[in-house]
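Trainee: below are the sequence and a predicted model for it; my questions follow.
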Amino acid sequence: MFNMSSTIFFMSLITGTLISISSTSWIGMWMGLEMNLLSFIPLMNKNKTPYENESAMKYFLVQAIASIMFLLAILLASMMDFDYYTYINYILSSALLMKMGAAPFHFWFPGVMEGLDWMNCLILMTWQKIAPFALLSYKLFMNNFFMTIIILCVTVGAVGGLNQSSIRKIMAYSSISHLGWMISAMMISNYYWIMYFFIYSLMNMAVIYLFKSQSLFHLSQIYFNKNSSIVKFSIFISMLSLGGLPPFLGFLPKWMIIQNMMATQYAIIILIMVMTTLLTLYFYLRIMMNAFTFMGNELMWQTSSNKTNILILLISISILGIPMLMILPLN
């Protein structure tokens, strides 16, 4: 159903991000972030449930604290001597990392995700990260601070998702893990970050469309879900691609980052990142393996033709990575 207020807030959300990434002053960037925040909160709270109210309140408080830190860093930069500039950069970077939900500022992120519907989860995991990342790119260079952030993101994202039964929380920890990879990609070049973010968003859309269409929120729903095998197979392929398993599409940006990080002598960091990615693959597989073990008594491959076409499209997006991986070494 067409909702005028939601449309206005959605347009305002997009405008806020565009103002942030196109502004030439830090105050203009801050204004864009605030506009983006104040547009997203009504979208979060559209169904008026207690869970959404709680998520909106958590999100607002955390983003307000991050905005105060951001403004403080801007003011200090104009007042302090050049000697303190490194510390001011750390404050500004911490504020932006808190806004995007990167570890160790991630504690709000799974709790907020748990109270939202799937469409808002998708916005929070993808669009809401564009402006903080664009602003962070101005201050991003490989030092001990950002190396620690990358290691914390991939570790927290892998370990946090192991013991979860809520799919939304699993997706939240998955997003935290991907943030570590995206920060690494941005350190190499903005091109790699754009490519990684685009493929990550595509994989997220595929997975969240499947969860939303089947009304899946907890692991137990997938185990005993009476949907056709093609639905479960689509989720399985999309989740493996999101986890970065070769030869699916999600492996392509990770492979490029591994190659470039190895070429720039950051072997220890990339080793930690690859090892933690194996843990994230474990909890992706945990979502699906039990679902396949309960398939014996179900109807096989029977669903409406319209939905079948969409599911096959989602599978083909992930499998698209196979020919791309074959072409890549020739470049």
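Mentor: Received, thanks. Numbering: from 1, shown residues only.

Trainee: now do the buried residues in stretch 101-116.
Mentor: Residues of stretch 101-116 classed as buried: 101-103, 105-106, 108-110, 112-116 (neighbour count, 16 or more other C-beta atoms under 10 Å). C-beta coordinates here come from the backbone N, C-alpha and C atoms, glycine included.

Trainee: also stretch 145-164?
Mentor: Applying 16+ other C-beta under 10 Å to stretch 145-164 flags 146-147, 149-158, 160-161, 164 as buried.

Trainee: quick check: next helix or strand after the strand or helix carrying Tyr90?
Mentor: Tyr90 is part of helix 85-100, with elements assigned from DSSP states H and E. Next in sequence after helix 85-100, counting helices and strands by DSSP H and E, comes helix 108-114.

Trainee: can you name the next helix or strand after that next one?
Mentor: Remark: after helix 108-114, the chain's next helix or strand is helix 118-125, criterion DSSP H and E.

Trainee: packing partners of the following helix or strand past that next one?
Mentor: Later in the chain than helix 118-125, the nearest helix or strand by DSSP H and E is helix 130-136. In terms of contacts (3 or more C-beta pairs under 8 Å, 6 or more residues apart in numbering; DSSP states H and E), helix 130-136 is packed against helix 4-22, helix 26-44, helix 85-100, helix 167-188, helix 190-214.

Trainee: deepest of those, which one?
Mentor: Mean neighbour count (mean count of other C-beta atoms under 10 Å) peaks for helix 167-188 among the helices and strands packed on helix 130-136, with a mean of 24.

Trainee: and the longest helix belonging to the chain, how far from the chain's centre?
Mentor: Ordering each helix of the chain by length in residues (DSSP state H) puts helix 50-79 first. Distance of helix 50-79 from the chain centroid (C-alpha atoms, centre = their mean, to the nearest Å) equals 19 Å.

Trainee: how much does it deviate in direction from helix 118-125?
Mentor: For helix 50-79 against helix 118-125, the angle by axes from the mean of the first three to the mean of the last three C-alpha atoms, to 10 degrees is 20 degrees.

Trainee: what comes up buried for helix 50-79?
Mentor: Burial within helix 50-79, assessed by neighbour count using 16+ other C-beta under 10 Å, is assigned to 52, 55-56, 58-60, 62-63, 66-67, 69-71, 73-74, 77.

Trainee: so for those residues, which is the shakiest by pLDDT?
Mentor: Within the buried residues of helix 50-79, Ala77 has the lowest pLDDT, namely 86.

Trainee: ok, it touching Tyr85?
Mentor: Yes. Assessed by C-beta atoms under 8 Å, Ala77 is found in contact with Tyr85 at 7.1 Å.

Trainee: number of nearby residues for Val274?
Mentor: By other C-beta atoms under 10 Å, 14 other residues sit near Val274.

Trainee: how far away is the closest residue to it other than its chain neighbours from Val231?
Mentor: Nearest non-adjacent residue to Val274, counting by C-beta to C-beta, 6 or more residues apart in numbering: Ile258, 6.9 Å away. To Val231, Ile258 is 32 Å away according to C-beta to C-beta, to the nearest Å.

Trainee: then Met35?
Mentor: Per C-beta to C-beta, Met35 is found 39 Å from Val231.

Trainee: ditto for Ala263
Mentor: Going from Ala263 to Val231 by C-beta to C-beta gives 41 Å.

Trainee: higher neighbour count, those two?
Mentor: Neighbours were counted for Ala263 and for Val231 using other C-beta under 10 Å; Val231 has more, 21 against 9.

Trainee: re the thing from before, include distance to Leu140 and mean pLDDT when you put the helices and strands packed on helix 130-136 into CSV, please.
Mentor: Formatted as CSV, the helices and strands packed on helix 130-136 follow (distance: least, C-beta to C-beta, whole Å; pLDDT from 0 to 100):
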stretch, distance to Leu140, mean pLDDT
helix 4-22, 14, 94
helix 26-44, 15, 94
helix 85-100, 8, 92
helix 167-188, 6, 94
helix 190-214, 10, 92
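
Trainee: dump the residue contacts of Phe109.
Mentor: For Phe109, the contacting residues are Gly101, Ala172, Ser175, Ile176, by C-beta atoms under 8 Å, 6 or more residues apart in numbering.

Trainee: can you tell me which of those residues is closest to Ser215?
Mentor: Nearest to Ser215 out of the contacts of Phe109 is Ala172 (C-beta to C-beta; 18.7 Å).

Trainee: how close does that closest one sit to Val156?
Mentor: Look at Ala172 and Val156: by C-beta to C-beta, they are 11 Å apart.

Trainee: can you check Leu72 too?
Mentor: Distance, Leu72 to Val156, using C-beta to C-beta: 25 Å.

Trainee: what do you get for Ile19?
Mentor: 31 Å.

Trainee: one more: Ser78?
Mentor: 34 Å.

Trainee: still on that earlier bit, my guess is the residue nearest to Val274 contacts Thr277, does it?
Mentor: No. Applying C-beta under 8 Å as the test, Ile258 and Thr277 come out as separate, 9.9 Å apart.
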